[in-house]
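Enquirer: got a sequence here, can you build the structure:
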Amino acid sequence: MAAITVFSPRTVPAVLRHRAVHKLALLALAAAVLVPLATARWAGGAWPDALTVDLSDPLTRASTWIVDNRDTHPLFLYFFGHISNAVVLSVRAVYLVLLAAGWAGVTALSALVAWRVAGLRLALGTVAAFLTCGLLGMWVPTMQTLALMVVAVAASVAVGAVLGLAAGLNDRLDRALRPVLDTMQVLPAYAYLLPVVLVFGMGVPAAVLATVVYAAPPMARLTALGLRGADKEVLEAVRSLGATARQRLLTARVPLARKELLLGLNQTIMMALSMAVIASVIGAGGLGDRVYQALASVDVGAALAAGIPIVLLAVVLDRVTGAAGGGSTSPSQTRRRGGPYALVAALAIAVAARLMGRLDWPDAWTVPIAEPVNRTVDWMTDHLYSGVPVVGGTADWAAHFTTWVLNPLRDGLTWLPWWSMLLLVATLAWLIGTWRTALTAVLAMAAIGVLGVWTPALDTLSQVLAAVAVTLVIGFATGIAAARSDRLERALRPVLDVFQTMPQFVYLIPVVALFGVGRAPAVAAAVVYALPAVVRITTQGLRQVDPAAMESSSSLGATSWQQLRQVQLPLARPALLLAVNQGVVLVLAVVIIGGLVGGGALGYDVVFGLAQGDLATGLVAGAAIVCLGLMLDRVTQPTDRRTKKGA
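Expert: Residues are numbered from 1 along each chain as shown. Modelled structure (predicted):
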């Protein structure tokens, strides 16, 4: 009788037992069945017209109805109208208070807050930042932006804290809010502008509410995280003392979550400033409007004069709130004792300036930089823009990058059959995650085709892929070098800090000066914007590799290169995947804004819709941007991060 061979799991090769191989086998089986059917049914590469839903007519009718009834319908008169009026009155009140305090009073009070929170060095930096805003002739626009920021941040913190409190105390609500907050945090800022414009029209109310929607999710997420991460033993001890649920919340949970709450405040402030600048497109005014108007006329000097105060304001706000979140619970003994005296001194400076009639920044103290900057730009255009021997000019680089990279990548994506794109997205998302993330990514990508913007979306995707590739090559190389050199890491730290606090709008200024307008400048701005996050995450991931593993490999005679390739990079894989994910999300945000400088595709549709009042075109493009961002996030999101978030 012949022997029967029994196969156990141990006899199967290790490669075949890998989960990714099982997923690829199932995908190959599905492709073998579906691809012939798709080829026979849809031979072309473009998205079929039969699967497209034309939303232009209903959206146009809806927007027309809203515009026609904005001043008469009860919904607008008694709900949205009151919200709009409250926002306008709040911003105006804060702005008038800032003007009444005068430049000396605002500077002194801001320095007092910085000193109280973080010490003398940051106080002096705050004074220097506000004085620079005045010297550049941007005091009034700075106060306009600051007034809008105060109202938007207060509303964002209130909304985020309420949502975070509810999610932190209720498991069901936490599960319901988590995917919503995940989606909101990966969406480009531009996607928030159109819905609020449709309801509130152009102006300050729309700008503030768009900022609130964009900036509230970090506060909500970190509040919930802090409340849920409170020490269980402390909570149990407080409960055993007979404290009520409200007392436990106020005396235990909230104090224990202080670090997360202040970090949420920091992130909310930075996102609000970024959005407040971008919202100048819909009438926010302030510094963002100066940058926007200067970019529209390609006046790099005026754009830089407004961009520098934005950067300084971002750095000051980031440092002050960061110091509050990372410092001790109370200020030092010296600052605590000297606080009342410093407050009296700051108020005395404000009152003295008011009595002397010195509220406005003196014109004689203004240092105009627009003209010399424009002369420098003209020199760069004459000497660097084109005609540089051997290396060629920046315009030549932009043209070559467009011809050799962007155009072939766009043509290749549009050449692929639409169903193969969906299959590719499903493969990538499932290999890195679960079938749920793959389904989400495929549905998001299919929704783009249904909206009828398949080709512009692929154009945008080509720019994102090109920018991400450049960002990852430079970012990984720089991060690896910084992880292996303490001196380089210390030198890069302040540069990365400044670049990470700069709003997205500011990155368009230098690329317009160097590369002109087009898709390549939009990609260049996206690379510069996303690079700091990739470098920082890569460096941190490599530095956190277990020292015991490094010592073990060194004792076995591994070279420095072998340690990097065989130990550090494999162990730092989660951090590297997170760097890829963050790079993709940040690149997409700036590629969309690149529509302002000739980036075209979906970004141009959004800009056109806002500028021409064609809300149907803009809303469809905005919805496609949302879907594209969701797809890219799911395709690149690390599995362990998704598990922690519950997505």
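
Enquirer: show me the shaky parts of the stretch 151-300 of the chain.
Expert: Along the stretch 151-300 of the chain, the parts satisfying pLDDT under 70 run over 185-188, 191, 230-231, 234-235, 238, 242-243, 245.

Enquirer: so how far is the longest helix seen in the chain off the chain centroid?
Expert: Using DSSP state H, we find that the single longest helix of the chain is helix 81-118. Here helix 81-118 shows a centroid-to-chain-centroid distance of 25 Å under the convention C-alpha atoms, centre = their mean, to the nearest Å.

Enquirer: so for the helix or strand harbouring V159, what gets flagged as buried?
Expert: Using DSSP states H and E, V159 sits in helix 139-169. Of the residues in helix 139-169, those with enough neighbours to count as buried (16 or more other C-beta atoms under 10 Å) are 139-153, 155-157, 159-161, 163-168. Just so you know, the C-beta spots here come from the backbone N, C-alpha and C atoms, and that holds for glycine as well.

Enquirer: distance of R573 from T403?
Expert: Relative to T403, R573 is positioned 35 Å away (criterion: C-beta to C-beta, to the nearest Å).

Enquirer: same check, this time on T501
Expert: Summarising the geometry, the distance separating T501 from T403, computed by C-beta to C-beta, is 35 Å.

Enquirer: the more surrounded of those two?
Expert: Relative neighbour count places T501 above the other of T501 and T403, with 22 against 11, counting by other C-beta atoms under 10 Å.

Enquirer: quick check, pLDDT for the more buried one.
Expert: If you check T501, the pLDDT there is 70.

Enquirer: give me phi/psi at it?
Expert: Listed backbone geometry of T501 is phi -100, psi -10, with angles given as degrees, to the nearest 10.

Enquirer: confirm for me that it is in contact with M270.
Expert: Yes. Applying C-beta atoms under 8 Å as the test, T501 and M270 come out as touching, 6.4 Å apart.

Enquirer: export stretch 253-261 to PDB, keeping only CA atoms.
Expert: Coordinates of the C-alpha atoms in stretch 253-261 are reproduced here as PDB (Å, rounded to 0.1, in the frame of the first residue of the first chain):
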ATOM      1  CA  ARG A 253      -8.700  63.400  33.900                       C
ATOM      2  CA  VAL A 254      -8.200  67.000  32.700                       C
ATOM      3  CA  PRO A 255      -5.000  67.700  34.800                       C
ATOM      4  CA  LEU A 256      -3.500  64.300  33.700                       C
ATOM      5  CA  ALA A 257      -4.200  65.200  30.100                       C
ATOM      6  CA  ARG A 258      -2.600  68.700  30.300                       C
ATOM      7  CA  LYS A 259       0.300  67.800  28.000                       C
ATOM      8  CA  GLU A 260      -2.000  66.500  25.300                       C
ATOM      9  CA  LEU A 261      -4.400  69.500  25.700                       C
END
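
Enquirer: can you give me how far it is from the chain middle?
Expert: Averaged C-alpha coordinates place stretch 253-261 at 24 Å from its chain's average position (C-alpha atoms, centre = their mean).

Enquirer: now it: buried residues?
Expert: Along stretch 253-261, the positions that meet the burial threshold by neighbour count (16+ other C-beta under 10 Å) are R253, V254, L256, A257, E260, L261.

Enquirer: if we can go back for a sec, same for the helix holding V159, what does it pack against?
Expert: Using 3 or more C-beta pairs under 8 Å, 6 or more residues apart in numbering; DSSP states H and E as the contact test, the elements touching helix 139-169 are helix 81-118, helix 120-135, helix 171-186, helix 204-228, helix 258-278, helix 286-296, helix 300-326.

Enquirer: distance to A524 for these - can I get that in TSV?
Expert: Shown next, in TSV, are those (distance: least, C-beta to C-beta, whole Å):
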stretch	distance to A524
helix 81-118	34
helix 120-135	27
helix 171-186	22
helix 204-228	24
helix 258-278	19
helix 286-296	15
helix 300-326	15
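
Enquirer: tell me where the stretch 401-550 of the chain has strands.
Expert: According to DSSP state E, counting those that start in this stretch, the stretch 401-550 of the chain carries no segments that qualify as strands.

Enquirer: contacts for stretch 372-388, please.
Expert: For stretch 372-388, the surrounding residues in contact (C-beta atoms under 8 Å, 6 or more residues apart in numbering) are 299-301, 304-305, 392-396, 513-514, 516.

Enquirer: make it 10 Å
Expert: Applying C-beta atoms under 10 Å, 6 or more residues apart in numbering, the external contacts of stretch 372-388 come out as 298-305, 369, 391-399, 509-510, 512-516.

Enquirer: restrict that stretch to CA atoms and write it as CSV.
Expert: Once side chains and other backbone atoms are set aside, the C-alpha atoms of stretch 372-388 remain, and they are given as CSV (Å, rounded to 0.1, in the frame of the first residue of the first chain):
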residue,chain,number,x,y,z
PRO,A,372,15.4,95.9,-3.5
VAL,A,373,13.9,92.4,-3.5
ASN,A,374,12.5,92.9,-6.9
ARG,A,375,15.8,94.1,-8.2
THR,A,376,17.4,91.0,-6.8
VAL,A,377,14.7,88.9,-8.5
ASP,A,378,15.3,90.7,-11.8
TRP,A,379,19.1,90.0,-11.4
MET,A,380,18.3,86.3,-10.7
THR,A,381,16.0,86.2,-13.7
ASP,A,382,18.7,87.7,-15.9
HIS,A,383,21.5,85.5,-14.6
LEU,A,384,20.0,82.3,-13.2
TYR,A,385,16.6,81.9,-14.9
SER,A,386,18.2,80.9,-18.2
GLY,A,387,21.5,80.9,-20.1
VAL,A,388,23.7,79.7,-17.2
